[in-house]
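**Q** Here is a sequence with its predicted model. Questions after.
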Amino acid sequence: MKNLLLTARLDMSESLRSKWFSLYAIIFGGLIVVLFLSGVSDSRVMGFTGLSRLLLIYIQICMALLPVFILLTTVRSVAGDREAGVFEYLLSLPVPLSAWFWGKTFGRFAVVFLPVLGAMVLAAVWGMVKGIEVPWASLGLYVALLISLAWCFLGIGMMISSMARSIDIAQGAAFLVWLLLLMFMDLILLGLMVKASWPPEIVIGISLVNPMQVFRTAALVLFDPALMIMGPAAFVILDNFGTEGFVSFAIVYPAVLGTIAASLGYLIFRRGDLP
Amino acid sequence: MIKFENVSKTFKKRPVLDQVSLHIKEQNRIALVGSNGAGKTTLIRCLLGEYNYEGSVEVLGKNPRIDRRDVLKRIGFVPQLPPPLKMPVGELIRFSAGICGSNPAAMEDVATKLGLDIAQIRSQSFVKLSGGQKQKLLIGIALGRECDVLMMDEPAANLDPEARHIFFNLLAERQKNTTMILSSHRLDEVASLVNRVVELDRGKIVLDDYVADQVDMDSILICRVTMNRDEASFANALKEWKFKPGLGELTWEGQVAGPDRLRFLGVISRYAAVVKSFALEPNEKSQEAAQ
């Protein structure tokens, strides 16, 4: 445990010193500030108002940006250290490979999630100061959904990072994964598949496998329990899962997927030549 | 203590180690020599459990690949190329000491003995240190912890003569209870530090011999060189060894660490044409102190 914590701390301080983290923190923290300044919380559109509307927009932006940010920064982890020639020395120290790999994973998770969490907390504090009603239950569930989404893509990133032998390949693969999942969302390919009358089982199956779509649907469910926005697809979701069931699925499934991906990454990392 | 049995390693169908068998006993101080690409670094990485290989490697009966932590706890390692770590020096020391269960002050103490001002560079990024500073720090980390095996790849290559002498003294303090493997592509760099020479060539052991050396690791030799004419490049070479002008106009005097003498003689031999007289004698004071 001590080795794991030491490695996590090392990875966190390395990340905090890096330029990508500054950019990342500015984007996700600054986004909330921009949304407040633009008066989103004061307007009413489609029945959403106040902090609920602001959070809804923030979450939708997170859905698109958070995965690609996490993937592109995480894949540098193992592949980058290997390419830089860091492993020969650091892994000659008596640190178990499990502590090393999982320490880096947890450290990186803390770093990528903190700015997002900070932005959510900032939104809540701002709401309280301005006297806007804070939807605490939704806020809590959003945080849980974001944790699950972040962990999912962190796990996928660690797996790609373990498999790739260079940063270029790792980043290319990460971008491809993100693009593929983005394409298979209701706004793009899934929408076209529905329009082209594909069997609903395939369309729904894809939407339930795609963690980004699962996150998006769950985020919408929290503000639109009847899922009016989604049209007939809402019946399938609500009949089979129910609102609470789907939100639970949306929290558990990406987290499990991320854990499986990270575990596979660890097995690949442990099995191969280290430097 | 350490056993390599028929160890083979291939990279993209190219054999780098070919059925290497080597038994290393306690108190062996091995010079692992060979030209570039001979397989020295690969052999070291197999011992550190960093590579998969065919055959078997054991350190005190344990497999470094499976029992990594137990094995690596007993090995202090200094790589040939310092890792490009961006972390500050203080953090590297803290992390290494934490992982090894050692006292960071002991690591800093060794690095300080080698001439490194830790307080000055503590918050500086490791990668921005000079080659010599990096080497001193990595040696400090390796020697500042409890270990039974010291494995060093070209350990003294970037050290100045003074630091080399201190480094040899530190190794001398440990020679009775530590097994050492010193890798180098030049035997004269490490010859005086070892009692056994293993030479690798194209992944095979081509020489495995024991050597006896009369010069102690911590001894100092007094040297006097007189030139037959003024030669600036020779004078500069001597200045690098901290030599100073002597009584005669063309005479230079200085001290050479015992284990460094072959390397020093190598330098002198390059200027044989301008050497009028040359004397290299044990420093009696250091001998008395040793007795």
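**A** In hand now; what should we look at? Values in this document were obtained by computation on a predicted structure and should not be read as measured data.
**Q** Model confidence score at A:V40, please.
**A** Each residue has a pLDDT score; the one for A:V40 is 61.
**Q** Which residue, other than its chain neighbours, is closest to A:I202?
**A** Leaving out its chain neighbours, the residue that sits closest to A:I202 by CB to CB, 6 or more residues apart in numbering or on different chains is A:M193, at 7.3 Å. Any C-beta I mention is one placed from the backbone N, CA and C, and that applies to glycine too.
**Q** Helix, strand or coil: sort out whatever residue of the stretch 151-291 of chain B ends up closest to chain A for me.
**A** Closest residue of the stretch 151-291 of chain B to chain A, CB to the nearest CB: B:M151 (8.2 Å). Local secondary structure at B:M151 is given as strand here, using DSSP: H, G, I helix; E, B strand; the rest coil.
**Q** my guess is it meets B:G76, correct?
**A** Yes: the pair B:M151 and B:G76 qualifies as a contact (CB atoms under 8 Å) at a distance of 7.1 Å.
**Q** what about these two, which has more around it?
**A** Using other CB atoms under 10 Å in any protein chain shown as the criterion, B:M151 and B:G76 rank with B:G76 on top: 27 against 24.
**Q** In terms of helices and strands, where is that one?
**A** B:G76 belongs to strand B:75-78 when assigned by DSSP states H and E.
**Q** Residue 273: neighbouring residues, count only.
**A** Because you didn't say which chain, this covers chain A. One way to gauge burial is a neighbour count; for A:D273, by other CB under 10 Å, it gives 14.
**Q** ah, I was thinking of chain B
**A** There are 10 residues near B:A273, going by other CB under 10 Å.
**Q** now B:N6
**A** Using other CB under 10 Å, B:N6 has 13 neighbouring residues.
**Q** Can you give me the pLDDT of the closest residue to it other than its chain neighbours?
**A** If the residues on either side of it in the chain are set aside, B:N6 comes closest to B:G55, at 4.0 Å by CB to CB, 6+ apart. Looking at B:G55, its pLDDT is 94.
**Q** now swap in B:V198 and tell me
**A** The predicted local distance difference test score for B:V198 is 91.
**Q** tell me the secondary structure for it?
**A** Reducing the assignment to helix, strand or coil with three-state DSSP, the entry for B:V198 is strand.
**Q** from memory it sits against B:I205, does it?
**A** Yes: taking contact to mean CB under 8 Å, the distance of 6.1 Å between B:V198 and B:I205 places them in contact.
**Q** list residues touching both of these two?
**A** Taking CB atoms under 8 Å, 6 or more residues apart in numbering or on different chains as the contact criterion, the residues that touch both B:V198 and B:I205 are B:L22.
**Q** Okay, helices next: where are they in chain B?
**A** Under the criterion DSSP state H, chain B contains helices at B:40-47, B:68-72, B:89-100, B:104-113, B:118-121, B:131-143, B:161-174, B:187-190, B:232-240, B:261-270, B:284-290.
**Q** ok, for whatever residue of the stretch 151-275 of chain A ends up closest to chain B, nearest residue in space, not its chain neighbours?
**A** Closest contact between the stretch 151-275 of chain A and chain B, by CB to the nearest CB, is at A:L274 (4.3 Å). Of all residues beyond its chain neighbours, the one nearest A:L274 is B:E50 (4.3 Å), with distances taken as CB to CB, 6+ apart.
**Q** And B:E5, by the same measure?
**A** Taking CB to CB, 6+ apart, and ignoring the residues beside it in sequence, B:E5 has B:S56 as its nearest neighbour in space, at 4.7 Å.
**Q** Now do the same contact list for that neighbour.
**A** Neighbour list for B:S56: B:3-7, B:63 [criterion: CB under 8 Å, 6+ apart].
**Q** Helix, strand, or coil at the spatially most central residue of chain A?
**A** The centre of chain A sits closest to A:A150, judged by CA atoms, centre = their mean, with a distance of 2.8 Å. Classification of A:A150 by three-state DSSP places it in helix.
**Q** correct me, but it touches A:L66?
**A** Yes: contact between A:A150 and A:L66 holds when scored by CB under 8 Å: they sit 6.4 Å apart.
**Q** Overlap in contacts, these two.
**A** Residues touching both A:A150 and A:L66 comprise A:V116, with contact defined as CB under 8 Å, 6+ apart.
**Q** The residue of the stretch 151-275 of chain A closest to chain B: neighbour count?
**A** Counted with other CB under 10 Å, the neighbours of A:L274 add up to 23.
**Q** Tell me who's in contact with it.
**A** For A:L274, the contacting residues are A:82, A:87-88, A:91, A:97, B:50-51, taking CB under 8 Å, 6+ apart as the criterion.
**Q** and which of these is nearest to A:L10?
**A** Ranked by distance to A:L10 (CB to CB), the contacts of A:L274 are led by A:L91 at 12.7 Å.
**Q** gap between that closest one and B:R45?
**A** Per CB to CB, to the nearest Å, A:L91 is found 10 Å from B:R45.
**Q** so what's in contact with those two at the same time?
**A** Listed as contacting both A:L91 and B:R45 by CB under 8 Å, 6+ apart are A:P275.
**Q** hmm, the biggest helix by length in chain A in reach of chain B?
**A** As far as residue count goes, and with DSSP H defining each element, the longest helix of chain A is helix A:97-130. Yes: against chain B, helix A:97-130 shows contacts by CB under 8 Å from any CB of the partner chain at A:L97.
**Q** domains in chain B, as residue ranges please.
**A** With domains defined by automatic domain parsing, chain B comprises B:2-210, B:220-290.
**Q** Distance across the first one, terminal residue to terminal residue?
**A** End-to-end distance for domain B:2-210: 17 Å, by CA to CA, to the nearest Å.
**Q** distance of the residue of the stretch 151-291 of chain B closest to chain A from B:T178?
**A** Between B:M151 and B:T178 the computed distance is 11 Å (CB to CB).
**Q** Low-confidence regions, chain A specifically.
**A** When the per-residue scores of chain A are filtered using pLDDT under 70, the ranges that remain are A:39-50, A:187, A:189-191, A:194, A:228-235.
**Q** Am I right that the residue of the stretch 151-275 of chain A closest to chain B sits in a helix?
**A** No: A:L274: not assigned to a helix; according to three-state DSSP it is coil.
**Q** so what's residue 184 up against?
**A** In the absence of a named chain, chain A is used. With contacts taken as CB under 8 Å, 6+ apart, A:F184 has the following neighbours: A:190, A:206-207, A:210, A:213.
**Q** Switch to chain B, please.
**A** Shown in contact with B:S184 (CB under 8 Å, 6+ apart): B:31-33, B:153-154, B:157, B:190.
**Q** Derive a PyMOL selection command for the buried subset of these.
**A** Buried members of these can be picked out in PyMOL with the line below, counting by 16 or more other CB atoms under 10 Å in any protein chain shown:
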select buried, chain B and resi 31+32+33+153+154+190
